[in-house]
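Novice: Test case, fold it:
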Amino acid sequence: MKTLALTNDWDLSLDSTGNLVVLADKAAMLQDICSAARTWLGEVIYDTGQGIPYDTDILRSDVDLSFYASEIEDAAMSVPGVAAATCHLANPTKDRQLTGIILVTFSDGSTDYAQF
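Specialist: The predicted structure follows:
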């Protein structure tokens, strides 16, 4: 599996010669997990069932954080090569930013994490 590398501000990444950087294997899967966690439900035009229901469920002030963690875990599990995913969230900031870590077990049994 390969994917285009993204910078910290989610822009395309270029190498020193101006070529697009491509990620492969587990690095690609970790980035794809983060991308899945940031995708709004309906945003992917070729499969509008993908994504997190931010506008209909999560951005309500009364939503339980465990619901969000569950949605992130489901999104992570949609990435090929992921056998298990567990999301740990930090408390939201005053300006409603939420961060966390997704612990990932790959199909080969190895583990890593993605931070968002």
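Novice: make it CA atoms for all contacts and neighbour counts henceforth
Specialist: Fine.
Novice: quick one, which residue of this protein lies the farthest from its center?
Specialist: Largest separation from the mean C-alpha position in the chain: Thr17, at 28.5 Å (CA atoms, centre = their mean).
Novice: Next up, the contacts around that one.
Specialist: By CA atoms under 8 Å, 6 or more residues apart in numbering, no residues touch Thr17.
Novice: That one: what secondary structure?
Specialist: Under DSSP: H, G, I helix; E, B strand; the rest coil, Thr17 falls in the coil class.
Novice: mind listing the helices for this structure?
Specialist: 25-38, 65-77 (DSSP state H).
Novice: got the ones you listed as TSV, with distance to Gly100, mean neighbour count and mean pLDDT columns?
Specialist: Formatted as TSV, those follow (distance: least, CA to CA, whole Å; neighbours: other CA atoms under 10 Å; pLDDT from 0 to 100):
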stretch	distance to Gly100	mean neighbour count	mean pLDDT
helix 25-38	11	19	93
helix 65-77	9	19	91
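Novice: mind putting the ones you listed in a markdown table, distance to Lys2 included?
Specialist: Compiled in a markdown table, the helices of the chain are given as follows (distance: least, CA to CA, whole Å):
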| stretch | distance to Lys2 |
| --- | --- |
| helix 25-38 | 6 |
| helix 65-77 | 16 |
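Novice: Appreciated, that's everything.
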